[in-house]
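Enquirer: following is a predicted model, sequence given first.
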Amino acid sequence: MPKVAFITGVTGQDGAYLAEFLIEKGYTVWGLKRRTSLFNTDRIDHLIKDEHEVGDRRFHFLYGDMTDSTTIIRTIQQIQPDEIYNLAAMSHVKVSFDIPEYTANADGIGALRILEAVRLLGLTEKTKIYQASTSELYGKAQEVPQNEKTPFYPRSPYAVAKLYAYWITMHYREAYNIFACNGILFNHESPVRGETFVTRKITRAVARISLGLQKKLYLGNLNAKRDWGHAKDYVEAMYLILQQDEPDDYVIATGVTTEVREFVRKVFAEIGIKLGFTGSNEQEEGVIASINNDIFEGKVGAKPDHLRAGQVVVEVDPKYYRPTEVDLLIGDSTKAKTKLGWIPKYTLDDIMKEMVESDIDLMKREECLKNGGFKIVSRLEEKR
Ligand code: NAP
Ligand code: F7E
């Protein structure tokens, strides 16, 4: 019998990569999906298509919400999963300052609802649970780099909600002997990263600027440093965490940290634009120093006639600042390397290159659609 996995947050970045990964491993995958007034299955359209057109029924949806206990209990009762990956969350740190109560409910109590359903349904011996914990738990980092023993100091309603989820997961493991694990994942990105997270916001904007569709990119804190990996590497770690003999918690990170400002510079450089930064704080600007026409034309497929040296293409807008910031994250994943044999395959340069190339294609396709073209395949399918 194929193993059965239940993924909450299946329409998100990680849910999509994980569903694809588990299906390739032979699992039957059930995904929890919120009802939305518009289609939001772009990232998993290729899996849905499999079900209908190839007659392969290894991927299924169920409607539900992390704030709705009854549906979660009914769903888990129906599926009887071998593994649950609890990825659903209001995952945007800045937005969590605007909707703190909802964030606590979905991200914090949501994790409890999953654990409690497994306990109530008598599945504690059968079902393993992965909880999507986060490097945001370290917040005002008490140690550099951060590992499984580093004390937490959350700095946002998101991180505080995730702190509850972290501890309740550990508590259910100790109190009820449930195979429940925390993956403390540092930032991970991809071409299907949500558009308002900083890496994707940058690669989209650089693509649009290169095509003459946008003039400037407005950002918040350029000094923040993050340990950025690739979502594909990180979903493999989630899977490995649940394949161990004993439940445990693991830090998943690359061990390399990069400033937001440096990420911006690298993405522009990828399309042949050398960027310099002048000024400081809110007056800081990113200015084109020079353009390599050959690289630009090779990457963008057009001439940079609308761009010139001296042009300001990046500005700071304080509206993107957060009431409290997480300044520096860098993870030490020695435990994952040693116990899980997990080693990331992608470097930041690989990720950045893949993202900006994908966004240039996407922007061209969107323009083409506006002019009467046809959408052919989903974005993730193209990247496989
Ligand atoms: P994401 O792209 O924002 O996806 C979040 C998913 O959760 C989406 O499918 C979303 O549905 C769903 N969701 C949100 N609220 C829900 C609710 N109330 N009920 C049911 N579903 C709900 O996030 P991600 O980057 O894939 O991250 C996956 C998980 O890992 C999240 O828990 C996140 O907090 C955590 N995490 C992420 C990172 C990272 O760098 N990516 C690092 C550490 C931890 P819609 O599509 O309908 O919005
Ligand atoms: O911000 C700075 C911002 O929103 C990264 C989530 O997946 O990873 C993610 O949380 C940094 C911050 O990610 C802008 O202030 C500057 O310092 O891409 P982000 P995040 O807050 O690190 C963790 C591990 C998670 O668990 C979360 O779910 O970039 N920054 N200017 C900006 N950030 C955004 N979004 N937009 C800007 O304009």
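Expert: Structure's in. What do you need? Note that the structure is predicted; figures quoted are calculated from it, not measured. Numbers count the residues shown, from 1 in each chain. Ligands and ions are numbered 1, 2, ... in the order given.

Enquirer: ok, how many other residues are close to Ser133?
Expert: 26 (other CB atoms under 10 Å). Glycine gets a C-beta too; all of them are placed from N, C-alpha and C.

Enquirer: let me fix that: His306
Expert: As a measure of burial, His306 has 12 neighbours, counting by other CB under 10 Å.

Enquirer: ok, now which ones touch whatever residue of the chain ends up closest to ligand 1?
Expert: Distances between the chain and ligand 1 by CB to the nearest ligand atom are smallest at Gly12, namely 2.0 Å. Residues in contact with Gly12 (CB atoms under 8 Å, 6 or more residues apart in numbering) are 43, 87-88, 91, 194.

Enquirer: mind checking what secondary structure the residue nearest to Gln78 when sequence neighbours are not counted has?
Expert: Spatial nearest neighbour of Gln78, excluding adjacent residues (CB to CB, 6 or more residues apart in numbering): Leu62 at 7.7 Å. Under DSSP: H, G, I helix; E, B strand; the rest coil, Leu62 falls in the strand class.

Enquirer: partners of Leu62 in the sheet?
Expert: In this structure, Leu62 bridges to Leu32 when assessed by DSSP bridges.

Enquirer: that one contacts Gly31, correct?
Expert: Yes - with contact defined as CB atoms under 8 Å, Leu62 reaches Gly31; the gap is 7.3 Å.

Enquirer: so who does the residue nearest to Gln78 touch?
Expert: Leu62 touches 30-33, 75, 78-79, counting by CB under 8 Å, 6+ apart.

Enquirer: and the furthest pair within the residues you listed?
Expert: Lys33 and Gln78 (14.6 Å; CB to CB).

Enquirer: which one's more surrounded, the two?
Expert: Using other CB under 10 Å, the more surrounded residue of Lys33 and Gln78 is Lys33, with 20 against 11.

Enquirer: with adjacent residues omitted, what lies nearest to the more buried one?
Expert: Phe61 (5.0 Å).

Enquirer: contacts only, for the one you found.
Expert: 10, 30-33, 48.

Enquirer: of those, which are in range of ligand 1?
Expert: Leu32 (CB under 6 Å from any ligand atom).

Enquirer: any chance of a markdown table for the contacts of Phe61, columns pLDDT and distance to ligand 2?
Expert: Shown next, in a markdown table, are these (pLDDT from 0 to 100; distance: CB to the nearest ligand atom, whole Å):
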| residue | pLDDT | distance to ligand 2 |
| --- | --- | --- |
| Val10 | 98 | 16 |
| Trp30 | 97 | 23 |
| Gly31 | 97 | 19 |
| Leu32 | 98 | 18 |
| Lys33 | 96 | 19 |
| Ile48 | 85 | 24 |
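
Enquirer: how many neighbours does Thr8 have?
Expert: Around Thr8 there are 29 residues (other CB under 10 Å).

Enquirer: how about the strands in the stretch 51-200 of the chain?
Expert: 59-63, 83-86, 128-134, 179-185, 188-189 (DSSP state E, counting those that start in this stretch).

Enquirer: roughly how far apart are Gly194 and His92?
Expert: 7 Å (CB to CB, to the nearest Å).

Enquirer: touching, Lys266 and Asp349? I think so.
Expert: Yes - Lys266 lies in contact with Asp349 (CB under 8 Å); the separation is 7.2 Å.
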